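A.B. asks: here is a sequence with its predicted model. Questions after.
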Protein chains: 2
Amino acid sequence: MAIKEAVRPGGRSARVQEAVHQAVRELQTAKSREELSVPQIAHKAGVTPSTIYRRWGNLAELLADVSLERLHPDDEPPHTGSLANDLQAWGEHYLDEMTSPTGQCMLGDIMASAERERRQRCYRYNETIMACLRERAVMRGEATPSVEDLMDGVIAPMTYRLLYAPDTATPERLSRWIAQTLSSTDMPG
Amino acid sequence: MAIKEAVRPGGRSARVQEAVHQAVRELQTAKSREELSVPQIAHKAGVTPSTIYRRWGNLAELLADVSLERLHPDDEPPHTGSLANDLQAWGEHYLDEMTSPTGQCMLGDIMASAERERRQRCYRYNETIMACLRERAVMRGEATPSVEDLMDGVIAPMTYRLLYAPDTATPERLSRWIAQTLSSTDMPG
DNA sequence: CTCATAAAGCAAATATTTTGCGTTAGGTAA
DNA sequence: TTACCTAACGCAAAATATTTGCTTTATGAG
């Protein structure tokens, strides 16, 4: 029922987890979400269904687990020289990923998970990115909003629209959110 | 597979739908989400499981359907005399409902649904409320942000936090979002 | 090398979901 | 009213998926 982080890098657990994740990723490219099933994934991964049920609980949790892992940062967002541009560049890339069919599935799988903890990891992940971009700006001596203001002013509207009205999650709106968030930095909160 | 709106008020369909919804609501008060099952709901509602599967597709869609219906407005938000206060009053009530265990389940059920259309209805529902409060303010001659700005400035951070970090969805933050959104009205966008 | 244990396999028992087909309710038009 | 027509339901069998008890295996510790 609880999701285990890879306890030991090279152990059997880790191999099974990787095999199952891999099987999910491969099947996802070939089948729609509705067609995926635990027995099918188990077969492709070369494990027994009961292994998956014992470890992940059900299909939704497994898919969420895979999606969350996929979300993780390969590397640091590119430097552009200003906070506004850093935000815009990172954000456009993120919007691109998350408006795609694949991205929308990832978001959906994560939201479908009952594990509260998993969503909070998404939150902290985005927080980390905002903190990173902000830190750069501080180093350059730019006036910067707090991380919390970046979360509320940029991440929140972006995510809200990605979830509820994906067509309206556009680079143009992103610019606006960034501009407004940064401009409110210059005046009394 | 598709969700039907009550086709005819008094028909058999409508009776079945109401019986099933009612069964869900009653079972939800007694059992945790994990314990609910289609056969169980069907039995309580006095219908066959196949009826539910044919009409709603699966448990997730049924629960989402029930939750969405519950979300709907009994009546217009209270008048307080200013847009800021209208927003604060409505928002606090909304936060109250949605941070409760029941509310969190409702949100979760809706997000777990694969029906994109359903989420868009949530979006439009909130839009309607914002448009209503804004309209009042316009009537009073107040300076008002656009509905879109209210969605991005108030609804988005509120919803984002309700979903990803419910502990941080507080009335204090709400005040801040409202103040910032309204203050940006007074200056060039 | 042996032991202890956590995780996996296996297979039987349950439970859920799908499906084909007969039945019924309720709407429409003669 | 009566005679259809059809969408939605009930029923029960079949197909799938999930759970569970017990056995086996891999791995880390002593």
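C.D. replies: Yes, it's here.

A.B. asks: so who does the most centrally placed residue in chain A touch?
C.D. replies: Central residue of chain A (C-alpha atoms, centre = their mean): A:L71, 3.9 Å from the mean position. Applying C-beta atoms under 8 Å, 6 or more residues apart in numbering or on different chains to A:L71 gives the contacts A:106, A:110, A:122, A:125. Quick note: C-beta positions are derived from backbone N, CA and C, even for glycine.

A.B. asks: so which of the residues you listed is the most crowded?
C.D. replies: The member of those that has the most neighbours, counting by other C-beta atoms under 10 Å in any protein chain shown, is A:I110 with 24 neighbours.

A.B. asks: contacts for whichever helix or strand that residue is part of next, please.
C.D. replies: Using DSSP states H and E, A:I110 maps to helix A:101-112. In this structure, residues lying in contact with helix A:101-112 by C-beta under 8 Å, 6+ apart are A:28, A:33, A:60, A:63-64, A:66-68, A:70-71, A:97-98, A:118-119, A:122, A:162-163, A:166, B:60, B:108, B:111-112, B:114, B:163.

A.B. asks: hmm, it in reach of DNA strand C?
C.D. replies: No: using C-beta under 7 Å from any atom of the strand, helix A:101-112 stays clear of DNA strand C, coming no nearer than 13.9 Å.

A.B. asks: which bits of chain A sit near DNA strand D?
C.D. replies: Residues of chain A found near DNA strand D, taking C-beta under 7 Å from any atom of the strand as the criterion, are A:8, A:10-12, A:15, A:37-40, A:49-50, A:53-54, A:57-59.

A.B. asks: and which of those residues is nearest to B:A23?
C.D. replies: For the residues of chain A next to DNA strand D, the residue nearest B:A23 by C-beta to C-beta is A:N58; the value is 22.7 Å.

A.B. asks: quick one: contacts for the closest residue to that closest one other than its chain neighbours?
C.D. replies: Spatial nearest neighbour of A:N58, chain neighbours left out: A:V38 (7.5 Å); criterion: C-beta to C-beta, 6 or more residues apart in numbering or on different chains. By C-beta under 8 Å, 6+ apart, the contact list for A:V38 reads A:49, A:52-53, A:58-59, A:62.

A.B. asks: could you dump those into a markdown table with pLDDT and neighbour count added?
C.D. replies: Below are the contacts of A:V38 laid out as a markdown table (pLDDT from 0 to 100; neighbours: other C-beta atoms under 10 Å in any protein chain shown):
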| residue | pLDDT | neighbour count |
| --- | --- | --- |
| A:P49 | 98 | 14 |
| A:I52 | 98 | 23 |
| A:Y53 | 98 | 16 |
| A:N58 | 97 | 14 |
| A:L59 | 98 | 19 |
| A:L62 | 98 | 24 |
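
A.B. asks: narrow the residues you listed to those in helices?
C.D. replies: A:49, A:52-53, A:59, A:62 (DSSP state H).

A.B. asks: element containing A:L182?
C.D. replies: According to DSSP H and E, A:L182 maps onto helix A:171-183.

A.B. asks: that helix packs against which elements?
C.D. replies: helix A:83-99, helix A:156-164 (3 or more C-beta pairs under 8 Å, 6 or more residues apart in numbering or on different chains; DSSP states H and E).

A.B. asks: could you check the angle that helix makes with helix B:156-164?
C.D. replies: Using axes from the mean of the first three to the mean of the last three C-alpha atoms, to 10 degrees, the inter-axis angle of helix A:171-183 relative to helix B:156-164 is 100 degrees.

A.B. asks: give the buried residues for helix A:171-183.
C.D. replies: Residues A:173-174, A:176-178, A:180-182 are the ones in helix A:171-183 that count as buried (16 or more other C-beta atoms under 10 Å in any protein chain shown).
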